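S.K.: coords below, sequence missing:
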């Protein structure tokens, strides 16, 4: 499609303009736009790109947009998706910096009410990707203890144990070992069938 770059830019511009609360809030909106509406990538690819975006340093929303843009159209796709994601936030912050001071925002009753009203929506937008990601990752009653345990350990604030980097590395290592063993068992089974 000739205007895929424009579509990428406009899609991520819309996502960036209407997302409040950080990168995690964007995930369900990105999923709806990229997987459900445009069908640019499959749900499995979406989860894989999310895992990559999470493990890279930097802003999750931009990392994710770059990963999706790269998958669709390489370096130009990366640029279009990244610009679409960044421009709304940059513009809003620039306008706030020019016209409003922190005291003005804090003391303005209308702005305070708007932010108070947005809080429940942000919580819902945070919960939605957790549920869809859990379903797509095929988490069931046998494996639910893993994300719950990791969340509790991170939340515990115990030095070293509450560091999320440890669990990213352990998760990657565990996945590698499981798939290596799984493939080894399949090859062994295939070899036994031939014999």
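M.R.: Great, that's in hand. Please read all numbers here as calculations on a predicted model, not as lab measurements.
S.K.: isn't residue 17 up against residue 88?
M.R.: Yes: taking Cβ atoms under 8 Å as the definition, residue 17 is a contact partner of residue 88 at 3.9 Å. Glycine gets a C-beta too; all of them are placed from N, C-alpha and C.
S.K.: which of these two has more neighbours?
M.R.: residue 88 (17 against 14; other Cβ atoms under 10 Å).
S.K.: in contact with residue 9, which residues?
M.R.: The contact partners of residue 9, by Cβ atoms under 8 Å, 6 or more residues apart in numbering, come to 80, 81, 83, 84.
S.K.: helix, strand, or coil at the first one?
M.R.: By that I understand residue 80. helix (DSSP: H, G, I helix; E, B strand; the rest coil).
S.K.: near it, how many other residues are there?
M.R.: Residue 80: 24 neighbours (other Cβ under 10 Å).
S.K.: surely it and residue 3 touch.
M.R.: No: with contact defined as Cβ under 8 Å, residue 80 and residue 3 do not form a contacting pair (10.7 Å).
S.K.: residue 139 and residue 179, how far apart?
M.R.: 17 Å (Cβ to Cβ, to the nearest Å).
S.K.: could you do residue 73 as well?
M.R.: Residue 73 is 29 Å from residue 179, by Cβ to Cβ.
S.K.: who's more crowded, these two?
M.R.: Set residue 73 next to residue 179 and count neighbours by other Cβ under 10 Å: residue 73 wins out with 17 against 10.
S.K.: the more buried one sits in which helix or strand?
M.R.: helix 60-99 (DSSP states H and E).
S.K.: buried residues, the following helix or strand past that helix. List them.
M.R.: Where DSSP H and E defines the elements, the next helix or strand beyond helix 60-99 is helix 102-107. When burial is assessed from 16 or more other Cβ atoms under 10 Å, helix 102-107 yields no buried residues.
S.K.: go through the helix or strand following helix 102-107 and flag the buried ones.
M.R.: Proceeding C-terminally, helix 102-107 gives way to helix 109-136 as the next helix or strand, assigned by DSSP H and E. The neighbour-count check on helix 109-136 (16+ other Cβ under 10 Å) flags 122, 125, 128, 129, 132, 133, 136 as buried.
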